[in-house]
Structure formats: structure tokens, C-alpha cells
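>>> here's a sequence, model it:
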Amino acid sequence: MGSENMKMVRGRRRRIKRKIKKLQKIIPGGQGLNPDSLFVRTADYILLLRLQIHFLQTTLSHSHIP
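Numbering: from 1, shown residues only. Below you'll find the model as predicted:
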């Protein structure tokens, strides 16, 4: 592998690590998780947020606030 390719690979890895660190900060319980566990936790968190949105929309549509 040429030195140019190695630089590209290192740069890509750095960007991925930076994004994983950011994700660890915004996902509850994400700090210190390895990427595989972090992605599972992220998917679960997204589903939880969607459920909360659905609940709030349903509650709001059934409320009788004048």
C-alpha cells in the first residue's frame, strides 16, 4: 500500500474515531462503549425516542384543549 493510501486510511480512521466519540457523548450510557455496543445502544435509543414521539403525538391529538 502506498504512502498516499496510508495517509487516507489514517485520516479516515481519525474521522471515524472522532464521530464515535461524539456519539458516545450524546447517547445515554454511551461513554466507554465499544463501537459495536454503541451502535446497538444508539439504535435502541432511536427506537425509544420514536416511541416517545408517537406517545406525545397520540396524547396531544386526543386532548381536548380549547
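
>>> from now on I want contacts and neighbour counts done on CA atoms only, so please keep to that.
OK.

>>> apart from its neighbours in sequence, what residue is nearest the most centrally placed residue in the chain?
Nearest residue to the geometric centre of the chain (CA atoms, centre = their mean): residue 42, 4.5 Å. Leaving aside its chain neighbours, residue 42 sits nearest to residue 27 (6.4 Å; criterion: CA to CA, 6 or more residues apart in numbering).

>>> buried sites along stretch 30-45?
If you call a residue buried by 16 or more other CA atoms under 10 Å, then stretch 30-45 has these buried ones: 30, 38-39, 41-42.

>>> and residue 6, what does it touch?
Residue 6 sits next to no residue when contact means CA atoms under 8 Å, 6 or more residues apart in numbering.

>>> and residue 46, how far from residue 5?
35 Å (CA to CA, to the nearest Å).

>>> between these two, who's got more neighbours?
residue 46 (13 against 10; other CA atoms under 10 Å).

>>> and the helix or strand harbouring that one, how far out from the chain middle?
Assigned by DSSP states H and E, residue 46 belongs to helix 35-62. With CA atoms, centre = their mean, to the nearest Å as the basis, helix 35-62 stands 12 Å off its chain's centre.

>>> what about the chain, any weak spots by pLDDT?
1, 64-66 (pLDDT under 70).

>>> could you give the angle of the host helix or strand of residue 12 to helix 35-62?
Using DSSP H and E, residue 12 falls within helix 3-26. Compare the direction of helix 3-26 with that of helix 35-62 by axes from the mean of the first three to the mean of the last three CA atoms, to 10 degrees and you get 40 degrees.
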